[in-house]
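Asks: Compute the structure for the input listed below.
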Amino acid sequence: MLFFGAGLAAEREFLNRIEEDLSNGRIDEISAIELQLQAVYEPQELPVLYQQLAVDLICDPTPIKAKAKRFFVQANDAQRARLQRWFQRPDSTIFSETIVSPAGYFKIHYAKEGSHKTDPEFARQCAAIYDQVYEYEIDVLGYQTPPSDNYRHGPEYDVYMRNISAYGCTTEEELVPGAGNRAFNGFVEMDNDFTHTPTKGLNAARVTAAHEFFHLIQLGYRGYSTVNDNERFFYEMSSTWMEDVVFDSINDYFFYLNSFFSFSHHAFHLFNGNHEYGSAIFLHMLEKKYGHLIVQQMWQELRNRDLFASLQAVLQLKGSSFNRELAEFSVWNIHTKNRADTVRYYPEGKNYPALQPKASYELSDEMQIDDQSGQLQTATYRFVTRIPGDYTVQPQFDEPSNWLLTAVTRSGTNNGSMLINSGNIAATLYDLNLDDEVWVSVINTRLPGAIYQPQDMPFTLQIIPGVAGTTIENKIQKIYPNPYLPAQHASVMVEYSITQTHDQVGMRILSANGQMIFQQQLGYRTAGYHREEWHGKNFAGDQISSGIYLVQIVATEPLPIAKIAVIR
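Replies: Sure thing, here's the model as predicted:
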């Protein structure tokens, strides 16, 4: 967890040096993990070079420990010996003082002397704070209680107060029997005085308790160590969101937003020690649109699905989709600071930094923008009208079904209109006045793989004075692979285009004689190009037999049928 100013700069320099030494073979993977954990727990034990880089460092060890645990599974005995100590609980002979919280949910462990010395009154206040957090997250919001640690130090959840270069940390421990091999118990550590954090004192303890206890809750749904690199951001995103749900007036999450709004082109799923905390505003958007239960529903789905499949499943029940919300996210992020509209968009948007566009241009003559963007990245451009009139934004994508485009027009203080198109559909901007602003965002909706490996894809935007653009038709454009061989192919992709936006679109698979064997409601789809996936199974979930099948996309009316051959 890294912050503004010196903390963020120190983190980037510290991690850059680790990455450089790792790539040059000067350290191994375990050393890279150890150095990051030492910076939190034992900064005085760091090699001198790293000590100099870690002076103002504030890290979050929770994801680092989760990464260490994933590595631990495949490590040899010598490597495991090096990692094992980072998973151990603090020494009870040092943290010998204990306080049970007033409601009996937590046991606070602290030291009465030495470098971890904690004021007993502060420890008592923190114990009461944890009870408050428990009652809100469990009793009010309705999340399931975290798994027990099997009475390690009694029936309570254990919290250790110690001198660390972090707000806090949650350590995943033992697999919970009978929970699908994905749920774990754990314990919490938190700083002993919060004098070095941007938010200080009891308010820092409050947001830490809300954040770290929600990590304990998360472990009961699915262990942090069980997800891949491109899914772990959701743990920090949702814990940061929870801080503001429980303690709305503290706003510690504001400290992450300068970086977030300055680098809006970063991938949605980027995990770099800052972005994943600032991205909590995505959940603030969903909460305002659908209510706070939507986040709980996502965690329930995550028990048995990959993250993005979980998000899609929940949003589809709301008549939306992940792609749709990603596009709207780009629009909400424009409406902050002096452009804030707290009725339609973020309730605290006036306090958020202004979005920094990837580039700014003047609207007058025809122009072309050639750029590129990776998976789940959004490139936002600002235009200022110098010659009034109509303009057309014509995108060109090699794979239209993987892209969305949003356009927001603003006249003076009026937020104006918004449109969302998909694929190579032109966006027409009517009756722009002198000095009107237009914000155009290009969203790459391709989902990432298990490892964070950005793959930039080129695109072109043509800005044309007047009304112009590409026309499309209601049609299934392509089905692939065709023929479909289940033994060789995981699924079938169906690419299609629709001329209008529909609240509900469906996909049907029929046998050659017209009998429906499979149907899926796809939810909201914009005008433009789309791609859907079918796994070659019928209603019962069985793999279908060889033959010719008919594929049908149904909007208001069915699109023309296309055929696919299945060979088993």
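Asks: Tell me the spacing between F261 and N333.
Replies: Using Cβ to Cβ, to the nearest Å, F261 is found at 7 Å from N333. Bear in mind the C-beta positions are built from the backbone N, C-alpha and C, glycine included.
Asks: Overlap in contacts, these two.
Replies: Common neighbours of F261 and N333, using Cβ atoms under 8 Å, 6 or more residues apart in numbering, are L355.
Asks: Mind checking which of these two has more residues around it?
Replies: Neighbours were tallied for F261 and for N333 using other Cβ atoms under 10 Å; the higher tally belongs to N333 (25 against 18).
Asks: Find the nearest non-adjacent residue to that one, please.
Replies: Closest residue to N333 apart from its sequence neighbours, by Cβ to Cβ, 6 or more residues apart in numbering: L355 at 5.2 Å.
Asks: I figured that neighbour hits S330, correct?
Replies: No - with contact defined as Cβ atoms under 8 Å, L355 does not count as touching S330 (9.1 Å).
Asks: so the residue lying closest to Y480 once chain neighbours are set aside, which of the three states?
Replies: With sequence-adjacent residues excluded and distances taken as Cβ to Cβ, 6+ apart, Y480 is closest to M493, at 5.6 Å. Here M493 is strand, with the state taken from DSSP: H, G, I helix; E, B strand; the rest coil.
Asks: who touches M493 in this structure?
Replies: Contact analysis of M493 by Cβ under 8 Å, 6+ apart lists K478, I479, Y480, R531, E532, E533.
Asks: Mind pulling up the pLDDT for it?
Replies: You'll see M493 listed with a pLDDT of 87.
Asks: quick one: average confidence on stretch 40-60?
Replies: Here the average pLDDT along stretch 40-60 is 79.
Asks: just stretch 20-36 next, same as before
Replies: Mean per-residue pLDDT for stretch 20-36: 90.
Asks: List the buried residues of that stretch.
Replies: Buried residues in stretch 20-36, counting neighbours by 16 or more other Cβ atoms under 10 Å, are found at D21, I27, I30, S31, A32, I33, E34, L35, Q36.
Asks: can you list those in TSV and add distance to N228?
Replies: Below are the buried residues of stretch 20-36 laid out as TSV (distance: Cβ to Cβ, whole Å):
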residue	distance to N228
D21	25
I27	23
I30	20
S31	23
A32	18
I33	17
E34	22
L35	23
Q36	19
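Asks: in the stretch 201-350 of the chain, which segments are predicted with low confidence?
Replies: For the stretch 201-350 of the chain, no stretch has pLDDT under 70.
Asks: For the chain, give the helix that spans the most residues.
Replies: In the chain, taking DSSP state H as the definition, the longest helix is helix 201-221.
Asks: tilt between the following helix or strand past that helix and helix 201-221?
Replies: Following helix 201-221 in sequence order, the next helix or strand is helix 233-246 (DSSP states H and E). Helix 233-246 runs at 130 degrees relative to helix 201-221, counting by axes from the mean of the first three to the mean of the last three Cα atoms, to 10 degrees.
Asks: any residues touching stretch 221-234, and which ones?
Replies: Applying Cβ under 8 Å, 6+ apart, the external contacts of stretch 221-234 come out as 62-63, 66-67, 69-70, 144, 170, 172, 175, 182-184, 215, 218, 235, 269-271, 275-276, 279, 298-300, 302-303, 306-308, 448-452.
Asks: Drop anything exposed from those residues.
Replies: Using 16+ other Cβ under 10 Å, the buried ones in the contacts of stretch 221-234 are 62-63, 66-67, 69-70, 170, 172, 175, 182-184, 215, 218, 235, 269-271, 275-276, 279, 298-300, 302, 306-308, 448, 452.
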